[in-house]
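**Q** have a look at this prediction, sequence included:
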Amino acid sequence: QVQLVEFGGGLVQPGGSLRLSCAASGSRFSLYTMGWYRQAPGQQRELVATISSGSGGSTNYADSVKGRFTISRDNAKNKMYLQMDNLKPEDTAVYYCNAFDRPITTSYWGQGTQVTVSS
């Protein structure tokens, strides 16, 4: 069982920045495809960004965050990050860390961290 813990959420003004972190337990972190998802009140959970296993050479972003968010990973620290710049009120949501273990087709989730963008 993989434990995922998110850090870094909070309240920020429009146009501001936040950096989310996700810390993972275990020794297989580098093998996981990692991702950030978010869920706003009354909405379904949606993909924000993903990063491939290994060195993380392949990334994917939702159209709504392209050019503003950057996903990255540090396998030596078992951590993933989401740098969020030029935040907008519509980015307000609970952000979840996800780890996908492709060989066993198992997905793990963190507990989520609240991001609120408001003046």
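**A** It's in.

**Q** so what does the top strand by length along the chain touch, helix or strand wise?
**A** Ranked by residue count, the top strand of the chain under DSSP state E comes out as strand 93-101. For strand 93-101, the contact count by 3 or more C-beta pairs under 8 Å, 6 or more residues apart in numbering; DSSP states H and E identifies strand 4-7, strand 18-24, strand 33-39, strand 106-109, strand 113-117 as packing neighbours. Yep, even glycine has a C-beta here, placed from its N, CA and C like the rest.

**Q** and the ones you listed: which comes nearest Lys79?
**A** Nearest of the helices and strands packed on strand 93-101 to Lys79, taken as C-beta to C-beta: strand 18-24 at 5.4 Å.

**Q** ok, that closest one: who's next to it in the sheet?
**A** Paired with strand 18-24 in the same sheet, following DSSP bridges, are strand 4-7 (antiparallel), strand 79-84 (antiparallel).

**Q** name the residues that touch that strand?
**A** With C-beta atoms under 8 Å, 6 or more residues apart in numbering as the test, strand 18-24 has contacts from 2-10, 12, 32, 34, 36, 77-84, 87, 95, 97, 99, 110, 113, 115.

**Q** narrow these to just the buried residues.
**A** Buried members of the contacts of strand 18-24, scored by 16 or more other C-beta atoms under 10 Å, are 2, 4, 6, 8-9, 12, 32, 34, 36, 78-82, 84, 87, 95, 97, 99, 110, 113, 115.
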